[in-house]
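# what's the 3D shape of this:
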Amino acid sequence: MHTDIPDEDYRRIEQLIHSEASPVGIDAKKTHVLILHKLTEIERRLEAIEQKQTPGG
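Here you go, the predicted model:
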C-alpha cells in the first residue's frame with residue numbers, strides 16, 4: 001500500500017482532526033466522520049465506473 005502523503009495534505013488533515021481535549025491529540029469522532037465520508041465518495045465513484053463498464057449501463 002502506498003502511504004506517501006504530500007506534506008501539504010498531511011498538515012491540512014492534521015489540522016482538521018487535531019484536538020487539545022483528546023489524550024491522543026485527535027478528535028476521534030471527526031476522524032471517523034471524515035473516513036466514512038471519503039469511503040462513501042469512493043463507493044459512489046466505483047459504482048459509476050462499474051455502470052460505465054457494464055453493457056447497457
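# tally of neighbours for Ile17?
If you count neighbours by other Cβ atoms under 10 Å, Ile17 ends up with 18. The way it works is simple: take the backbone N, C-alpha and C, and place the C-beta from them, glycine included.
# typed the wrong thing, it's Tyr10
11.
# Asp27 too?
Neighbours around Asp27, by other Cβ under 10 Å: 17.
# same question for the one 3 residues further on.
Other residues within reach of Lys30, judged by other Cβ under 10 Å, total 14.
# element containing it?
Per DSSP states H and E, Lys30 falls inside helix 28-53.
# how close does Arg44 get to Asp27?
Distance of Arg44 to Asp27, computed by Cβ to Cβ, to the nearest Å: 25 Å.
# hmm, back to that, what packs against the helix holding Lys30?
Packed against helix 28-53 by the contact rule (3 or more Cβ pairs under 8 Å, 6 or more residues apart in numbering; DSSP states H and E) you find helix 7-17.
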